[in-house]
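Undergrad: fold the following.
(chains A and B)
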Amino acid sequence: MMRVMTDRPLKVLIAKPGLDGHDRGAKVLARGLRDEGFEVVYTGLRQTPEMIVTAALQEDVDVVGLSILSGAHMTLLPRICSLLRERGMDDVLVTAGGIIPDDDVPALKECGVAAVFGPGTTIAQVADFLRANTRPRD
Amino acid sequence: MAETRVPVVDDAAAADRADGLCDAALAGDRRALARLLTAVENRSSIAEPALRRLYPLAGRAQLVGITGPPGAGKSTLVAALIAELRRAGRPVAVVAVDPSSPITGGAVLGDRVRMQAYASDDGVFIRSMASRGHAGGLSSATTAAAAVFDAAGFDIVLIETVGTGQSEVEVAATADTTVVVEAPEMGDEIQAIKAGLLEVADIIVVNKGDRPGAHRTAGQLHAMLADTPREARPGRPVPKHPEVLVTTAATGDGVTELLAAIDRHRSVAHSTEGDSARLKRAESQVWSVLVDRLHERVRALEDDQTERVAGDPRTEAERFEGRPRAAGQLLRSVAAHDLDPYAAADAILTELMPDARAPGGRIRAG
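TA: Below is the predicted model of the structure:
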């Protein structure tokens, strides 16, 4: 397969909001996206929405990928989306993954989460979605 | 031969956008500052006008390089230094470099994990950068990124390199003060007297000071590096005499002393010794721009069809097809060993600068 490389790698923040006990999935995704040619900033476990949004702003990322397993997604994800907007980052693509019930997905999309990737999603699916949906910038 | 062409960019619009971002960043807008760093890192069209505007404002900050092998505790030490600086009310910027994959170009930038405690503190700005194929422990945009932070008023910029081995010494040419971080048991006295990384240290830190052997390692380094006689002989370079300190970054032990040593070195960096370091840095900056300009001119010898655009799925070999003699034919001749690389380079130089003559007059027809 011929790999299409852009001149500038896309920059992705992988962040774990809330009190999850482990981050195996987030690390696997970070490594997988690395292999897909992305520059992945990883910030570790137990991040507040403010920490995540500050990291996204300072790193000037194209994508914020949020991994959450604890069930607090309906509180934390909307908060992150609104903080991003408050700080002028409405052009940043926000995606989510982890354990998120299907019933919650419409409400999350309503508040600005572009896609929710559940268990079983392949790295290639995530990578293709990010490439297709990030906004071109300089 | 094709007419020399430079890529078409709207210079006026780029300059306007650069001015807007610079105004905002200098007024304290962190988003604008982040955007400027991205422009510099991606060498976008606004990078050059922005850097030209900011350069006169830079030159005040102390650039502190933090280098050492993977896992020695560089990121944890940077986090501890941030804490120490913030206790004193001093703003601090960090450029943290991690390696890019030589295979896919991707990277995992994980230095922030240890530095996330300052989300609501405007006096701290941390930026991760991938090395993007640049060897030597930094990325090619590191110096420019530090200059942007410098111009934006950060008084101290910590530059964390990728995990280094024995000889990635580029950071010493970029930073005013170079801190080499080692872990205990990094080796014996022979390791300490080998040439390379330890030679460029202004300060050596043995981190993980709570581990057995830390103080013995520091003692060996001190005996081999700091205690050697310092006699300036005409025409011979004077070896550095690094301070050797022990820290435990995870608990903050010894970090106050480290910051004091960094501050002490600042006065050295602003002395005549520092002058020659700054001259060297200026030289390497000018050279790197010269080389970039030369690359641009050589690429401008290409056909329209071979201009690289983002997302171009063609391979390098396919892109070489159709290049005029200056690039394509010459490269093919070199690949076939019909022409040596020196003659090819001279031919391109003659094409670009018809008045220039190669040293030794080695130009000959390809």
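
Undergrad: quick one, longest helix in chain A?
TA: helix A:73-86 (DSSP state H).

Undergrad: okay, and residue A:45 sits in which element?
TA: Per DSSP states H and E: residue A:45 is located in neither a helix nor a strand.

Undergrad: ok, now which ones touch it?
TA: A:16, A:20, A:22-23 (Cβ atoms under 8 Å, 6 or more residues apart in numbering or on different chains). The C-beta positions use only the backbone N, C-alpha and C, and glycine is treated the same way.

Undergrad: and those as JSON lines, adding pLDDT, neighbour count and secondary structure?
TA: Listed next are the contacts of residue A:45 as JSON lines, based on pLDDT from 0 to 100; neighbours: other Cβ atoms under 10 Å in any protein chain shown; DSSP: H, G, I helix; E, B strand; the rest coil:
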{"residue": "A:16", "pLDDT": "96", "neighbour count": "25", "secondary structure": "coil"}
{"residue": "A:20", "pLDDT": "91", "neighbour count": "20", "secondary structure": "coil"}
{"residue": "A:22", "pLDDT": "91", "neighbour count": "10", "secondary structure": "coil"}
{"residue": "A:23", "pLDDT": "93", "neighbour count": "20", "secondary structure": "coil"}
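
Undergrad: any chance of the residues you listed in JSON lines, with distance to residue B:71 too?
TA: As requested, the contacts of residue A:45 are exported to JSON lines (distance: Cβ to Cβ, whole Å):
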{"residue": "A:16", "distance to residue B:71": "22"}
{"residue": "A:20", "distance to residue B:71": "25"}
{"residue": "A:22", "distance to residue B:71": "21"}
{"residue": "A:23", "distance to residue B:71": "19"}
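
Undergrad: widest-spaced pair of the residues you listed?
TA: Farthest-apart pair in these is A:16 and A:22; separation 9.3 Å (Cβ to Cβ).

Undergrad: and the helix or strand where residue B:51 lies, is it in reach of chain A?
TA: Here residue B:51, judged by DSSP H and E, is contained in helix B:47-54. No. Judged by Cβ under 8 Å from any Cβ of the partner chain, helix B:47-54 stays clear of chain A, getting no closer than 9.5 Å.

Undergrad: specify the next element, helix or strand, located C-terminal of that helix.
TA: Downstream of helix B:47-54, the next assigned helix or strand under DSSP H and E is strand B:62-67.

Undergrad: against which helices or strands is that next one packed?
TA: Judged by 3 or more Cβ pairs under 8 Å, 6 or more residues apart in numbering or on different chains; DSSP states H and E, strand B:62-67 is in contact with helix B:74-87, strand B:156-160, helix B:170-174, strand B:177-182, helix B:255-269.

Undergrad: tell me the mean pLDDT for that strand?
TA: Across strand B:62-67, the average pLDDT comes to 96.

Undergrad: before we move on, back to that, briefly note if the longest helix of chain A comes near chain B.
TA: No. Between helix A:73-86 and chain B, judged by Cβ under 8 Å from any Cβ, nothing touches; the nearest distance is 10.4 Å.

Undergrad: using CSV, write down the CA coordinates of that helix.
TA: C-alpha atoms of helix A:73-86 as CSV (Å, rounded to 0.1, in the frame of the first residue of the first chain):
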residue,chain,number,x,y,z
HIS,A,73,-18.1,11.4,30.3
MET,A,74,-21.4,13.3,30.3
THR,A,75,-19.9,15.7,32.8
LEU,A,76,-16.3,16.0,31.7
LEU,A,77,-16.6,15.9,27.9
PRO,A,78,-19.1,18.8,27.5
ARG,A,79,-17.0,20.8,30.0
ILE,A,80,-13.9,20.3,27.8
CYS,A,81,-15.8,21.2,24.6
SER,A,82,-17.0,24.4,26.1
LEU,A,83,-13.6,25.3,27.6
LEU,A,84,-12.1,24.8,24.1
ARG,A,85,-14.7,27.1,22.6
GLU,A,86,-14.1,29.7,25.3
